[in-house]
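Peer 1: sharing a model that was predicted from the sequence below.
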Amino acid sequence: MTGMEALKDKAARTTEHFDVLIVGAGISGVAAGRHLNQQCPDRDYAILEVQESFGGTWLTHKYPGIRSDSDLHTFGYSFKPWVGPPIATAEEIRKYMGEVIEENDLARRIRYRHRIDAAYWSTPDKQWALEVTRLDTGETLRFTCNFLWMAQGYYRHSDGYTPEWPGMKDFKGLIKHPQTWDPDFDYTGMRVVVIGSGATAATVVPAMADRAAHVTMLQRSPTYFRTGRNAIEIAEELRKLQIDEHWIHEIVRKKILYEQAQFSKRTFEEPDKVKQELLDNVRHYLGPDYDIDTHFTPKYRPWRQRLAFIPDADLFKGIASGKASVVTDHIERFVENGILLKSGKVLEADLIVTATGFNMNVMGDIAFAIDGKPLNWADTVTYRGMMFTGVPNLAWVFGYFRASWTLRSDLIGDFVCKMLNHMKSKGVAQVTPQLRAEDHNMPLLPFIDGDNFNPGYLTRALPILPKRGDKPEWMHNQDYWAEKDEIPATNLDDAAFAYA
Ligand SMILES: Cc1cc2nc3c(=O)[nH]c(=O)nc-3n(C[C@H](O)[C@H](O)[C@H](O)COP(=O)(O)OP(=O)(O)OC[C@H]3O[C@@H](n4cnc5c(N)ncnc54)[C@H](O)[C@@H]3O)c2cc1C
């Protein structure tokens with residue numbers, strides 16, 4: 001029995017049909033709804049979300065200090081001005097998203113506590129059938145849709161990634177991952193070791209430093225950080241002049257994007273100079289005697305991994321005050337009272353926070369099948385990181401790492417709406433990306449180019465991710481400046497799209 005037949009077999013259940021179903025009510029899913037309202041107002045759609053509310057990343061994460069690491073002028077939507085400081089807390093981001101939901105009448109579209117478990121495409125029916133569990137009632141529901149808009153993010157929300165270290169069971173204290181943090185947990189007076197060196201560790205360490213006895217950031221290798229005041233001067237100036245917030249938003253976005261492009265270019269053209277500037281900034285806060293070489297000088301060139309911004313230098317101020325410290329070493333094993341390092345030193349701890357990243361999941365852990373055949377994403381080739389060969393009527397939102405994620409949600413939103421309207425005007429019900437005659441000898445490569453960008457969670461997930469080719473249309477690009485022109489210019493009648 002095919003997946004579609006199995007669903008049809010559950011005859012007692014009613015099926016709800018929508019033109020479009022959006023998976024996830026994070027920043028991308030909400031953007032997708034707004035795009036449909038504006039550009040495809042005749043389409044009926046719903047947003048299905050497994051959690052109890054909207055926000056995605058900004059709802060899931062409740063660890064001390066949780067905040068964005070990129071500015072909200074570009075992380076926020078193009079259509080709604082961001083009027084707060086550029087680096088925002090999760091609460092501030094959710095408040096902003098709540099306003100967007102209200103202003104665009106999206107609340108009635110969102111179904112919370114709806115977990116999509118399986119999605120089956122049927123070519124005879126030219127539609128997707130979804131198997132959905134309603135968590136508040138335990139019911140299995142059935143939805144069908146013509147187009148599936150995957151805005152489910154890139155990592156498993158239910159648990160974070162914690163490596164297995166020897167001796168973890170011997171440790172007598174507590175081990176917690178930031179992704180599953182209970183905001184009521186009291187760590188007052190505890191000796192805390194935070195394992196990790198990314199944006200999460202850099203946020204947690206200063207945020208916990210006041211209440212904890214001491215916080216140690218334990219890293220295997222250092223990361224680059226940028227720092228500065230949590231304010232944008234030009235926005236402050238324009239506000240003094242009482243310029244309209246929409247104008248300020250647009251100007252500040254343009255300025256930030258321009259500066260980011262210049263910065264990114266410089267990391268390729270003069271990496272040593274950029275590196276020195278970043279390190280001088282750290283030196284400024286930590287003083288001449290601090291061992292910057294060991295703790296803050298990465299071996300890779302700047303921008304090969306996401307570069308976190310530290311607002312108001314709080315991490316460095318915490319270290320300078322003595323409330324926090326950094327240890328760069330390798331873990332030998334966990335012991336009863338803390339962590340034994342390769343150097344032979346023991347870091348004593350009551351609480352170990354594993355800021356060790358995410359479990360990437362492909363398409364929200366949903367079991368996909370096409371005409372009864374289970375779909376292995378690694379057998380597909382990505383069309384610009386948005387659609388996939390052999391997978392009809394489905395778009396995937398995967399944002400930028402080097403620029404704000406949302407800039408790409410926006411470009412994809414325009415693309416999907418344009419595609420839906422194009423299909424309508426052609427009178428077709430199905431679009432499937434396919435390799436063209438000229439693409440058949442194209443080398444098929446891992447989803448991302450590890451020499452260009454190589455965070456651990458992506459590298460770990462490469463075997464289950466779609467493949468990329470060596471032409472721009474078959475790659476998942478991380479270059480906003482190229483894509484902002486290329487994606488809108490897509491020829492929807494190109495042979496890369498098969499219509500039926
Ligand atoms: C702590 C943290 C900080 C970050 N900071 C930044 C930043 O400053 N700037 C930046 O650009 N990026 C940042 N990122 C990356 C960030 O995840 C994205 O920018 C963005 O929030 C992702 O939004 P999204 O809506 O695409 O996905 P998510 O926020 O992951 O939301 C996806 C939603 O889909 C739901 N979902 C998933 N699977 C299913 C299913 N099977 N059924 C139903 N619902 C499902 C999830 O519950 C979730 O609510 C950060 C990430 C983390 C973890």
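Peer 2: Looks like it arrived, so ask away.

Peer 1: quick check: domain ranges of the chain?
Peer 2: 3-157+359-499, 168-354 (automatic domain parsing).

Peer 1: okay, those domains in TSV with mean pLDDT and mean neighbour count next?
Peer 2: Every C-beta, even on glycine, is put in place using the N, C-alpha and C of the backbone. Shown next, in TSV, are those (pLDDT from 0 to 100; neighbours: other C-beta atoms under 10 Å):
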stretch	mean pLDDT	mean neighbour count
domain 3-157+359-499	93	18
domain 168-354	95	17
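
Peer 1: for those, could you give me CSV that also reports distance to the ligand?
Peer 2: Formatted as CSV, those follow (distance: least, C-beta to the nearest ligand atom, whole Å):
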stretch, distance to the ligand
domain 3-157+359-499, 2
domain 168-354, 6
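
Peer 1: packing partners of the longest helix seen in the chain?
Peer 2: Across the chain, the helix with the greatest residue count (assigned by DSSP state H) is helix 245-269. Counting contacts by 3 or more C-beta pairs under 8 Å, 6 or more residues apart in numbering; DSSP states H and E, helix 245-269 is packed against helix 72-75, helix 233-240, helix 271-286, helix 480-486.

Peer 1: would you list those helices in JSON lines and tack on distance to T60?
Peer 2: Below are the helices and strands packed on helix 245-269 laid out as JSON lines (distance: least, C-beta to C-beta, whole Å):
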{"stretch": "helix 72-75", "distance to T60": "16"}
{"stretch": "helix 233-240", "distance to T60": "29"}
{"stretch": "helix 271-286", "distance to T60": "30"}
{"stretch": "helix 480-486", "distance to T60": "25"}
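
Peer 1: out of those, flag the one nearest F358.
Peer 2: Each of these has some distance to F358 by C-beta to C-beta; the shortest is helix 72-75, at 18.0 Å.

Peer 1: what's the first helix or strand after the closest one?
Peer 2: Going down the chain from helix 72-75, the next helix or strand is helix 90-103, by DSSP states H and E.

Peer 1: which residues does L72 contact?
Peer 2: Taking C-beta atoms under 8 Å, 6 or more residues apart in numbering, we find L72 in contact with 82, 84-88, 92-93, 96.

Peer 1: so which residues of the stretch 251-400 of the chain form helices?
Peer 2: Residue ranges of the helices in the stretch 251-400 of the chain, as given by DSSP state H, counting those that start in this stretch, are 271-286, 292-296, 314-321.

Peer 1: need those helices in a markdown table with distance to N477, can you?
Peer 2: Shown next, in a markdown table, are the helices of the stretch 251-400 of the chain (distance: least, C-beta to C-beta, whole Å):
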| stretch | distance to N477 |
| --- | --- |
| helix 271-286 | 21 |
| helix 292-296 | 30 |
| helix 314-321 | 31 |
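
Peer 1: with respect to M475, which of those helices lies nearest?
Peer 2: helix 271-286 (23.1 Å).

Peer 1: quick one: the strands in the stretch 301-450 of the chain, in order.
Peer 2: Taking DSSP state E, counting those that start in this stretch, the strands of the stretch 301-450 of the chain run over residues 308-311, 324-328, 331-335, 338-341, 346-348, 351-354, 367-370, 373-374, 382-383, 387-388, 394-396, 431-433.

Peer 1: from K176, how far off is the closest residue to F263 other than its chain neighbours?
Peer 2: The shortest distance from F263 to any non-neighbouring residue, by C-beta to C-beta, 6 or more residues apart in numbering, is to V274 (7.4 Å). According to C-beta to C-beta, to the nearest Å, V274 and K176 sit 35 Å apart.

Peer 1: how about A461?
Peer 2: A461 is 24 Å from K176, by C-beta to C-beta.

Peer 1: and C417, by the same measure?
Peer 2: Taking C-beta to C-beta as the measure, C417 falls 42 Å from K176.

Peer 1: and for G138?
Peer 2: Taken as C-beta to C-beta, the span from G138 to K176 is 29 Å.

Peer 1: equivalent analysis for T133, please.
Peer 2: 28 Å.

Peer 1: what do you get for L445?
Peer 2: If you go by C-beta to C-beta, the gap between L445 and K176 works out to 38 Å.

Peer 1: which residues are in contact with T354?
Peer 2: Taking C-beta under 8 Å, 6+ apart as the test, what T354 contacts is 160, 162-163, 175-178, 195-196.

Peer 1: meant to ask about A119, not that
Peer 2: By C-beta under 8 Å, 6+ apart, A119 lies in contact with 128-131, 148, 366-369.

Peer 1: three-state assignment of it?
Peer 2: strand (DSSP: H, G, I helix; E, B strand; the rest coil).

Peer 1: chain center to stretch 433-452: distance?
Peer 2: 23 Å (C-alpha atoms, centre = their mean, to the nearest Å).

Peer 1: return the residues in contact with Q179.
Peer 2: With contacts defined as C-beta under 8 Å, 6+ apart, Q179 is in contact with 60-61, 63, 157, 159-160, 358.

Peer 1: hmm, back to that, which one of the helices of the stretch 251-400 of the chain lies nearest to N230?
Peer 2: N230 lies closest to helix 314-321 among these, at 9.2 Å (C-beta to C-beta).

Peer 1: and that closest one, what does it pack onto?
Peer 2: Going by 3+ C-beta pairs under 8 Å, 6+ apart, helix 314-321 lies up against helix 199-209, strand 225-228, helix 271-286, strand 324-328.

Peer 1: for these, which one sits closest to P466?
Peer 2: helix 199-209 (26.1 Å).

Peer 1: residues in contact with that closest one?
Peer 2: 63-67, 69, 178, 187, 192, 194-195, 215, 217, 219, 223, 225, 306, 308, 310, 314-315, 317-318, 321, 323-324, 353, 355, 357.

Peer 1: quick one: secondary structure of the closest residue to F79 other than its chain neighbours?
Peer 2: Once flanking residues are discounted, F79 sits nearest to R34: 7.2 Å by C-beta to C-beta, 6+ apart. Secondary structure state of R34, per three-state DSSP, is helix.

Peer 1: next up, the contacts around R34.
Peer 2: Residues in contact with R34, defined by C-beta under 8 Å, 6+ apart, are 77, 79, 100, 104, 106, 413.

Peer 1: got the phi/psi numbers for the fourth one?
Peer 2: When read as degrees, to the nearest 10, the backbone of N104 gives phi -110, psi 10.

Peer 1: how near is R113 to Q179?
Peer 2: Taken as C-beta to C-beta, the span from R113 to Q179 is 19 Å.

Peer 1: still on that earlier bit, mind checking which of the contacts of T354 land in helices?
Peer 2: Nothing among those maps onto helices, per DSSP H.

Peer 1: can you list those in TSV and add distance to T406?
Peer 2: Listed next are the contacts of T354 as TSV, based on distance: C-beta to C-beta, whole Å:
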residue	distance to T406
G160	22
T162	28
P163	30
I175	33
K176	29
H177	25
P178	22
I195	29
G196	25
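
Peer 1: looking at those, which is nearest C40?
Peer 2: The closest of these, once distances to C40 are taken by C-beta to C-beta, is G160, at 36.1 Å.
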